[in-house]
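Participant: how would this look folded up:
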Amino acid sequence: MRTLLGILIATRLLVHIPVEDARNTRVPDDYTHFVMPSYSKLPEWEARKAHLRKQILSAAGLLPMPPRTPLNPKIYGTLDRGSYEIRKVLIETLPGYYLGGDVYLPTHHEGKIPGVLLAHGHWKYGRLQNETEYSVPALAVNLARQGYAVFAYDMVGYNDTRQTPHSFGGMDEELWSFSPLGLQLWNSTRALDYLASLEQVDANRLAMTGASGGSTQTFLLSAVDDRIRVSAPVNMISATMQGADPCEDAPGLRFGTFNVEIAALMAPRRMLVVSDTQDWTKNTPREEFPAIHSIYALYGRPDHVAGVQLDAPHNYNKESREAVYAFFAKHLLHRQVTPKDTEFQQERDEDLVALKDGQAPVNSLTYQGVFADWKRMAQRQFEQTTDKGALRERLQYALGSEWPTAAIVSEIVKDGVVLSRVGVGDRVTGLYLNRSAQDAALVVSPRGASAVRRSPQVQDLADSGSAVMMIDPFQSDGSRAQRSRTNRYFLTYNKSDDAIHVQDILTAMSFLRLNHSGKISLVGVDEAAVWCEFAAAVAPIEVSLVANLDNFRGADEDFKKRFFVPGIQRAGGLAAARLLTSR
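Facilitator: As a prediction, the model looks like this:
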């Protein structure tokens, strides 16, 4: 009978092990041309959907969600314009942190009305921008006249929402997943909470729209919040440009995915995809829309997604707005009409903002205060979590790690071994001794397999009759230069070296588990002890761990110097790992 090891070795003849590690040769960024994966069965897509939702939340620092504290809405005045009114409002999305916006309401309506969340893009004046090619007030006023409640709210760093700038962050913030993208996605969540709470609004008829960066907010919130029943992302969903802005990129957000797949998480709810001919959405009718449509077809609802393209530059202009009006009217008002853009009274900017002359709520926090509170909130959530499965999952998402379930392809020549996950293209090299033994041990040193082969740890394991594998850490061969890190959003798409070290340990352990029926041991030498600590924490098997962390105590400075993985502190850090390895 062929052994499993023999089958895996034979598989090498059918599945290629790359000559170079794909993690060095394929380094995606905001301008990579991505291709939508093919999904043939709905359960396959549903599993992928569940994974991507948690990946988005993890990257945003929202896994788990922060507590939904009271919004304490404050109205700073109302403008009565006959057929509609505008309320200037602040809501407290986190204690001491305020989001500003304008609520547009029809003056006369019968019963509950649909609510529309309106996110603005990166135009200079944000929600106040009112020009021919892009106007938030025109969109909001017309929707209110048509019978909707509209909440047009700020991006972080715009207009009334300036307790943090629009662009912020560094290694400290990345460790805690505190970013413009995450804060903005949380603000969107709380903005939807507020909109749904208005007495005029039917919480079962909520929609969202926005263009450019507002489109990104639209499809991100729609991806993770099923309350959005109808959406209209405008001029952003692209296979060739993903954002290139701090509020659209966060570490871990697009590990193995891109905006088209993220936008498809809206399925099977109603969505209108608007594109134009003069920006990165120019190919949408031929490439991006068919990819999204294929996901709707899996649900048997291909008619629930529609697309329209205008011959225009980047915009949310009159024609784009009218396409959205018609789609919303059909699916939210249940009317087969084509509403037109109408003239309205243009307000002065100062009359649409809540805060003037530097005034702010008395409990408003500084940037440092908001960040400090974010860290305290994360620490409380870790301390309150008793479910080890939830802790393990949070670490897995922060690390971007997986326990290989597909075949691991191997090539073994004498004592040398090369491992690769099918479909991934990674390449893990090392040494493999006493392969026929029942027990197996993985020894990991930052100096590599050859350097540790003659070590006392390896010798003792071999003398005890255990199989021993030693692997070469990623980039230990000097190939780091091949993996360019010049892109500002490198970590949005690519794991840090330390996260890859953990993954390679998991890959090797999975291979050993498949090929050895006895005890699996994991030994971390010197700096690799920290890698092994986290690998053992997220591994789904029983592991005998030997890892002396020396003076690594789990402080931010320790992680920055010795184990930099964005989101690792938000996920519980060293305390979570130790809790999981104390089984």
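
Participant: Could you use CA atoms for every contact and neighbour count after this?
Facilitator: OK.

Participant: Now the helix or strand containing residue 420: buried residues?
Facilitator: Applying DSSP states H and E as the criterion places residue 420 in strand 416-421. Across strand 416-421, burial judged by 16 or more other CA atoms under 10 Å covers 416, 417, 418, 419, 420, 421.

Participant: and the fourth one, what does it touch?
Facilitator: Neighbouring residues of residue 419 by CA atoms under 8 Å, 6 or more residues apart in numbering: 17, 408, 409, 410, 411, 426, 427, 428, 429, 507, 508.

Participant: any idea how far it lies from residue 146?
Facilitator: Relative to residue 146, residue 419 is positioned 61 Å away (CA to CA, to the nearest Å).

Participant: hmm, back to that, looking at the contacts of residue 419, which are in helices?
Facilitator: In helices, judged by DSSP state H, the following of these are found: 507, 508.

Participant: Out of the contacts of residue 419, flag the one nearest to residue 370.
Facilitator: Nearest to residue 370 out of the contacts of residue 419 is residue 507 (CA to CA; 38.6 Å).

Participant: any chance you could map the helices in the stretch 401-550 of the chain?
Facilitator: Using DSSP state H, counting those that start in this stretch, the helices found in the stretch 401-550 of the chain span residues 449-452, 456-463, 490-493, 497-515, 528-538.

Participant: tell me the domain ranges of the protein?
Facilitator: If you go by automatic domain parsing, the domain ranges for the chain are 4-30+386-581, 56-379.

Participant: just to revisit the earlier point, how about the helices of the stretch 401-550 of the chain, which one is nearest residue 188?
Facilitator: Nearest of the helices of the stretch 401-550 of the chain (CA to CA): helix 490-493, 20.4 Å.

Participant: can you give me the end-to-end distance of stretch 382-393?
Facilitator: End-to-end distance of stretch 382-393 (CA to CA): 12 Å.

Participant: Would you mind listing the residues in contact with the residue lying closest to residue 165 once chain neighbours are set aside?
Facilitator: Among residues not flanking residue 165 along the chain, residue 157 sits closest, at 4.3 Å (CA to CA, 6 or more residues apart in numbering). Applying CA under 8 Å, 6+ apart, we find residue 157 in contact with 163, 164, 165, 166, 167.

Participant: now the chain, which segments are flagged as low pLDDT?
Facilitator: 1-15, 358, 477-484, 583 (pLDDT under 70).

Participant: Kindly recompute the last result at 90.
Facilitator: Applying pLDDT under 90 to the chain flags residues 1-16, 336-338, 356-360, 405-407, 457, 475-488, 582-583.

Participant: Once you drop chain neighbours, what's closest to residue 120?
Facilitator: residue 214 (4.5 Å).

Participant: pretty sure that neighbour is in contact with residue 117, am I right?
Facilitator: No - applying CA atoms under 8 Å as the test, residue 214 and residue 117 come out as separate, 10.3 Å apart.

Participant: So residue 462 sits against residue 435, correct?
Facilitator: No - using CA under 8 Å, residue 462 makes no contact with residue 435, being 10.4 Å away.

Participant: Give me the common contacts of the two.
Facilitator: Common contacts of residue 462 and residue 435, defined by CA under 8 Å, 6+ apart, comprise residue 468.

Participant: residues near residue 18, how many?
Facilitator: 14 (other CA atoms under 10 Å).

Participant: so who does it touch?
Facilitator: 425, 426, 427.

Participant: The same query, at a cut-off of 7 Å, please.
Facilitator: 425, 427 (CA atoms under 7 Å, 6 or more residues apart in numbering).

Participant: start the count at 35, not 1, going forward
Facilitator: Noted, 35 is the first residue going forward, which turns the last one into residue 52.

Participant: how close does it get to residue 451?
Facilitator: Counting by CA to CA, the gap from residue 52 to residue 451 is 13 Å.

Participant: residue boundaries of the helices in the stretch 285-434 of the chain?
Facilitator: Assigned by DSSP H, counting those that start in this stretch, the stretch 285-434 of the chain shows helices spanning 293-297, 322-332, 352-362, 383-386, 401-417, 422-433.

Participant: of those helices, which approaches residue 546 most closely?
Facilitator: Among these, helix 422-433 sits nearest to residue 546 (CA to CA), with 20.1 Å.

Participant: quick one: buried residues of that closest one?
Facilitator: 425, 426, 427, 428, 429, 430, 431, 432, 433.

Participant: List just the nearest of those residues to residue 97.
Facilitator: When the buried residues of helix 422-433 are compared against residue 97 (criterion: CA to CA), the nearest one is residue 428, at 6.9 Å.

Participant: wait, isn't that closest one in contact with residue 603?
Facilitator: No - with contact defined as CA atoms under 7 Å, residue 428 does not count as touching residue 603 (10.2 Å).

Participant: just to revisit the earlier point, the domains of the chain: which one's closest to residue 83?
Facilitator: Judging the domains of the chain by CA to CA, what sits closest to residue 83 is domain 90-413, at 6.2 Å.

Participant: Can you give me the end-to-end span of that closest one?
Facilitator: 20 Å.

Participant: one step back: please identify the deepest-packed of the helices of the stretch 285-434 of the chain.
Facilitator: helix 293-297 (a mean of 24; mean count of other CA atoms under 10 Å).

Participant: circling back: list only buried entries from the contacts of residue 191.
Facilitator: 197, 198, 200.

Participant: burial count for the nearest residue to residue 426 once chain neighbours are set aside?
Facilitator: Spatial nearest neighbour of residue 426, excluding adjacent residues (CA to CA, 6+ apart): residue 572 at 5.4 Å. Using other CA under 10 Å, residue 572 has 27 neighbouring residues.

Participant: what ranges do the strands span in the stretch 235-384 of the chain?
Facilitator: Ranges of strands in the stretch 235-384 of the chain, per DSSP state E, counting those that start in this stretch, are 235-245, 262-268, 304-310, 339-344.

Participant: possible to save the ones you listed as TSV with distance to residue 379?
Facilitator: Below are the strands of the stretch 235-384 of the chain laid out as TSV (distance: least, CA to CA, whole Å):
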stretch	distance to residue 379
strand 235-245	22
strand 262-268	25
strand 304-310	27
strand 339-344	27
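
Participant: quick one: which of these is nearest residue 377?
Facilitator: strand 235-245 (20.3 Å).

Participant: and that closest one with strand 262-268, angle?
Facilitator: If you take axes from the mean of the first three to the mean of the last three CA atoms, to 10 degrees, strand 235-245 sits at 20 degrees to strand 262-268.

Participant: Can you dump the C-alpha atoms of strand 235-245 in PDB for me?
Facilitator: C-alpha atoms of strand 235-245 as PDB (Å, rounded to 0.1, in the frame of the first residue of the first chain):
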ATOM      1  CA  VAL A 235     -37.400  55.700   8.900                       C
ATOM      2  CA  ASP A 236     -38.300  52.200   8.000                       C
ATOM      3  CA  ALA A 237     -35.300  50.200   9.300                       C
ATOM      4  CA  ASN A 238     -36.200  47.400   6.800                       C
ATOM      5  CA  ARG A 239     -35.600  49.700   3.800                       C
ATOM      6  CA  LEU A 240     -32.100  51.100   4.200                       C
ATOM      7  CA  ALA A 241     -29.800  51.900   1.300                       C
ATOM      8  CA  MET A 242     -26.400  53.400   0.800                       C
ATOM      9  CA  THR A 243     -24.600  55.200  -2.000                       C
ATOM     10  CA  GLY A 244     -21.400  57.200  -2.600                       C
ATOM     11  CA  ALA A 245     -18.900  57.800  -5.400                       C
END
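
Participant: quick one: the residue nearest to residue 154 and residue 305, what's the gap?
Facilitator: 15 Å.
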